[in-house]
Structures are given as C-alpha cells and as structure tokens.
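One predicted model, sequence on top.
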Amino acid sequence: MSSLLKQVTPLTRGIIWFPKVDFLNTNPNYGDIDYLLDGLLTANLNHSLGFTSKLIIGRNFKSPLYVMVIQEVRESEIQSFVSLIKKDLHPGTDVAIVDEMNKFHMIKNEVREINSYLKLMNTSTLHKEII
C-alpha cells in the first residue's frame, strides 16, 4: 500500500491535488487517487483532456469524497469546491492536500473557511503535517 493510501482515512472527505504536469501515466499519486475514486479519475480524464481544474466526487466508506485536481489555480473553481465540501466536514474529518507543485500557498485565502480541516500530505514519507 502506498503512502498516500495509508494517509487517507475513513474520515477523509476531500483531496486537493496539485499534480505535476506529467501526472497521467507516471505519477504514483495518480494510481492511488484513481483507486480511491473507483476509476472515476481515469474515466473522467479520458473524456476531457486540457483542463484548469477538475472536481470528481466519489465515495469513501459510505461518505462523499471530493477530489479537486488543480492544474491552474482559478479562484472561482476553488470557491466552488469549498462551498460543496464544507457541508460534509465536521470535527475529526479532514481534507488532504497533495501539493506536488508547491502551489498550495496560492489558494490559502480561498480555503480559509475549511482551514482547520486541511492536512498537508507528504507523499514521499508517511508523515502528516497539519497546516
């Protein structure tokens, strides 16, 4: 089991992923996130290449799992993600940040409403760091 799969728990309600540009075939997180979404990532990307961001909603232990794949930061898209996910957040739940491009700082203002739920996932080790 990969480090990302070990870090996502039944209480994880979302993932914000800033993938490297070549994420389709070579990124190890791609397979993990596609697994968590029961193949919806692959199915979705097969129908729409060339996007700024993509929101895919799957299931995680009978609860929604909101996955935001961000290629280019657009404030309105981040705000839409926050408005969708915040209704499913409660004490103990979290939103994983997988930041391969060091761009999370660009959305800190847009995610301030859910800041207490955010966890930066270090996918090269098994450590979690609270933002």
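Okay, I see it.

show me where this structure has strands.
Counting by DSSP state E, the chain has these strands, from start to end: 12-18, 53-60, 63-70, 94-99, 118-121, 128-130.

Present those as JSON lines; the columns should include mean neighbour count and mean pLDDT.
Any C-beta I mention is one placed from the backbone N, CA and C, and that applies to glycine too. Listed next are those as JSON lines, based on neighbours: other CB atoms under 10 Å; pLDDT from 0 to 100:
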{"stretch": "strand 12-18", "mean neighbour count": "24", "mean pLDDT": "95"}
{"stretch": "strand 53-60", "mean neighbour count": "16", "mean pLDDT": "91"}
{"stretch": "strand 63-70", "mean neighbour count": "20", "mean pLDDT": "95"}
{"stretch": "strand 94-99", "mean neighbour count": "22", "mean pLDDT": "95"}
{"stretch": "strand 118-121", "mean neighbour count": "19", "mean pLDDT": "92"}
{"stretch": "strand 128-130", "mean neighbour count": "10", "mean pLDDT": "40"}
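
who's in contact with the residue most central in space within the chain?
Central residue of the chain (CA atoms, centre = their mean): Ile15, 2.1 Å from the mean position. By CB atoms under 8 Å, 6 or more residues apart in numbering, the contact list for Ile15 reads 8, 33, 36, 65-68, 95-98.

try 6 Å this time
By CB atoms under 6 Å, 6 or more residues apart in numbering, the contact list for Ile15 reads 67, 96.

Any idea what it is bridged to?
Per DSSP bridges, the residues bridged to Ile15 are Val67, Ala96.

Quick check: which ranges of the protein have low pLDDT?
Low-confidence segments of the chain, defined by pLDDT under 70: 1-2, 21-25, 48-50, 122-131.

Kind regards, and thank you for your time.
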